[in-house]
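>>> All I have is the shape, not the residue letters:
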């Protein structure tokens, strides 16, 4: 395996590890603060980890199986990831609407704000590296993954605004509203993954 593939593999291992850690911490602190935005963000990180694992598998199998076999298995995995996005979207939608209607007020979450800030810094840096290497090795999957990483950065900004509005200004409705923003993102990602798996 050449140096570029090794670097690509390292970036994907880092992505999977980072997203799993982010998921655990976000869901833990989201549950403590009753924040659907933070829980939804953590659930999205779980799905991003699954997606990253597919790419790790692809990069490790480079030159070991036929391109046809590789593509077939990747499409199955993409269908699974797409279905997961839809299931998570339904859960976050229900919880967000329920919190708005019942006026279930989440606690302010400083750890959640810190998680969002770290992600805002890390994700764009990771995206640039993945995109560059994806172009160099002509990997559409790695380029697509870099765009997903950028989308995560935008999602982190939305999370920061929602949690920050509650923490600094007591605008608790921002939390479930950001939950609804996350729903739109999850559905969009689900549709894109489903369509790609059917091509």
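Yep, that arrived. Keep in mind that this is a model prediction, so the values were computed, not measured. Numbers count the residues shown, from 1 in each chain.

>>> Where in the chain is the helix or strand with the lowest mean pLDDT?
In the chain, the helix or strand scored least confidently by mean pLDDT, DSSP states H and E is helix 67-102, which has a mean of 82.

>>> For this protein, which segments count as helices?
When assigned using DSSP state H, the helices of the chain occupy the ranges 3-33, 36-60, 67-102, 110-137, 140-169, 174-198.

>>> Next, the angle helix 174-198 makes with the longest one.
It refers to helix 67-102. Between helix 67-102 and helix 174-198, the angle comes out at 160 degrees (axes from the mean of the first three to the mean of the last three C-alpha atoms, to 10 degrees).

>>> buried ones in helix 67-102?
Of all the residues in helix 67-102, those buried under the rule 16 or more other C-beta atoms under 10 Å are 70, 74, 77-78, 81-82, 84-86, 88-89, 91-93, 95-96, 99-100. For every residue, glycine as well, the C-beta is placed using N, CA and C.

>>> Same check on the fifth one?
For helix 140-169, the buried set under the neighbour-count rule, 16+ other C-beta under 10 Å, comprises 141-146, 148-153, 155-156, 158-167.

>>> next one: the first one
Judged by neighbour count using 16+ other C-beta under 10 Å, the buried positions of helix 3-33 are 5, 7-9, 11-12, 15-16, 18-20, 22-23, 25-27, 29-30, 33.

>>> Now do that helix: distance to the chain's middle.
Using C-alpha atoms, centre = their mean, to the nearest Å, the distance from the centre of helix 3-33 to the centre of the chain it belongs to is 9 Å.

>>> do the second one as well
From the chain centre to the centre of helix 36-60 is a distance of 5 Å (C-alpha atoms, centre = their mean).

>>> next one: the fifth one
Shown here is helix 140-169, whose average C-alpha point lies 8 Å from the average C-alpha point of the whole chain (C-alpha atoms, centre = their mean).

>>> tell me the mean pLDDT for it?
Taken as a whole, helix 140-169 carries a mean pLDDT of 87.
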